[in-house]
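Undergrad: Give the three-dimensional model of this entry:
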Amino acid sequence: MQQTTGKTGIYLHPEKRKAFRASTPFAAPTDPGWVLLSEDTMIGMVDVRRLAQERGLVDDPSTIEWTGRTDI
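TA: Alright, predicted model coming up:
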């Protein structure tokens, strides 16, 4: 069975207010709910929150936190 790969970048799960850094295509989340915010893996939380707000993904971007897992 072949594993599905995604894109490297920063992902956000708007409902859970969690941001995840996928540094390889194999680390990209495959679960529903994750949104690719940026293909730039080096952006920080300030940019994550700004992008989430610009795209209307969360009401209060200050509540977004980093996570090291996508199965939260």
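
Undergrad: How many residues are close by the nearest residue to Ala27 once chain neighbours are set aside?
TA: Spatial nearest neighbour of Ala27, chain neighbours left out: Thr8 (7.7 Å); criterion: CB to CB, 6 or more residues apart in numbering. All C-beta atoms are positioned from the backbone trio N, CA, C, and that covers glycine. Counted with other CB atoms under 10 Å, residues neighbouring Thr8 total 19.

Undergrad: Does Thr8 touch Thr41 like I think?
TA: Yes: using CB atoms under 8 Å, Thr8 is in contact with Thr41, at 5.5 Å.

Undergrad: Which neighbours do these two have in common?
TA: 22-23 (CB atoms under 8 Å, 6 or more residues apart in numbering).

Undergrad: Can you give me every residue that contacts the residue nearest to Ala27?
TA: Thr8 neighbours (CB under 8 Å, 6+ apart): 22-25, 27-28, 39, 41.

Undergrad: tell me the secondary structure for the residue nearest the centre of the chain?
TA: Residue closest to the average C-alpha location in the chain (CA atoms, centre = their mean): Tyr11, at 1.4 Å. Following DSSP: H, G, I helix; E, B strand; the rest coil, the label given to Tyr11 is strand.

Undergrad: Check the gap between it and Ala52 for me.
TA: 11 Å (CB to CB, to the nearest Å).

Undergrad: Look up the residues that both of these two are in contact with.
TA: In contact with both Tyr11 and Ala52: Leu37, using CB under 8 Å, 6+ apart.

Undergrad: related to what we said a few turns ago, select from the contacts of Thr8 the one having the most neighbours.
TA: Ala22 (21 neighbours).

Undergrad: was I right about that one contacting Tyr11?
TA: Yes: if you go by CB under 8 Å, Ala22 and Tyr11 touch, sitting 6.1 Å apart.

Undergrad: got any residues that touch both of these two?
TA: 28-29.

Undergrad: what's Thr41 in contact with, if anything?
TA: By CB under 8 Å, 6+ apart, the neighbours of Thr41 are 8-10, 21-23.
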